[in-house]
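> No sequence on hand, only this structure:
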């Protein structure tokens, strides 16, 4: 990527997912959500324009692939690519950390923590 | 935290470290850097005001503790707390992911990937 800050793999990952929302949408995809309205429904109440923006970025970066599921009006659903699936360990590590250090965080279901990347 | 978006541990982690820079500074701390000038020296070339801002946030969130190492002018050094140390698995997961999926990312040293949190 021509706009990466360095070749450091941590910095390069953050060039892609280093914001407050992208990994929240990725969590929803890992939980089986696929449609715009489903992402909007999540408890964090993402704004419509932020969601559109992040989904476009995730598609551009190859984390998700979109496909048409309705023609009039056109509606798309989103599925994780292998590259997007493979971010699961980042989500799991964040969940474990918050459950240990952040008061009042919801307990992560063991099936999410133990899930393996394909 | 009163300003968290939900109790989801992933969202709560991102409320704290969900930006392009905080985990880059945390990486530097894990690599042994402690001083303002050392963080500025990193290849990502963080801006002075962004660095001040993020270090203050990290201190407020209890990820680092600062101590005076020079009196005139006052200069501080920063060390990871247990809570900050415990984010290492997030950094390791990001490194592994980029080494697999992001072209031209630098290979992560095995001693960083295999390091255990205390």
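Arrived safely, thanks for sending. Note that this is a predicted model, so its numbers are computed, not measured.

> For residue A:61, grab phi and psi.
Dihedral pair for residue A:61: phi -90, psi 0, per degrees, to the nearest 10.

> gap between it and chain B?
9 Å (C-beta to the nearest C-beta, to the nearest Å). C-beta: built from backbone N, CA, C; applies to glycine.

> Could you report the separation of the residue of chain A most remote from its centre from residue A:52?
What lies farthest from the middle of chain A is residue A:72; by C-alpha atoms, centre = their mean that is 27.1 Å. Separation of residue A:72 from residue A:52 (C-beta to C-beta, to the nearest Å) stands at 19 Å.

> coming back round to it: against chain B, how distant is the residue farthest from the centre of chain A?
Residue A:72 is 34 Å from chain B, by C-beta to the nearest C-beta.

> If you count contacts, what does the helix or strand hosting residue A:56 end up packed against?
Residue A:56 is part of helix A:48-60 when elements are defined by DSSP states H and E. Judged by 3 or more C-beta pairs under 8 Å, 6 or more residues apart in numbering or on different chains; DSSP states H and E, helix A:48-60 is in contact with helix A:22-30, helix A:36-40, strand A:64-70, strand A:75-80.

> Tell me which of the ones you listed lies nearest to residue B:60.
helix A:22-30 (21.9 Å; C-beta to C-beta).

> Excluding its own residues, what touches that closest one? List them.
A:16-17, A:38-39, A:42, A:44, A:46, A:51, A:54-55, A:57-58, A:63-64, A:78-80, A:84-85, A:87-88, A:90-91, A:94, A:112, A:115, B:5, B:8, B:10-11, B:14, B:18 (C-beta atoms under 8 Å, 6 or more residues apart in numbering or on different chains).

> try 7 Å
A:17, A:38-39, A:42, A:44, A:54-55, A:58, A:63-64, A:78, A:80, A:84, A:87-88, A:90-91, B:10-11, B:14 (C-beta atoms under 7 Å, 6 or more residues apart in numbering or on different chains).

> Which of those residues are buried? Put it as a ChimeraX command.
This is how ChimeraX selects the buried members of these, with burial counted by 16 or more other C-beta atoms under 10 Å in any protein chain shown:
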select /A:17,39,42,44,54,55,58,63,64,78,80,84,87,88,90,91 /B:10,11,14
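
> Please tell me how far residue A:48 sits from chain B.
16 Å.

> quick one: contacts for that residue?
Applying C-beta under 7 Å, 6+ apart, the residues contacting residue A:48 are residue A:40.
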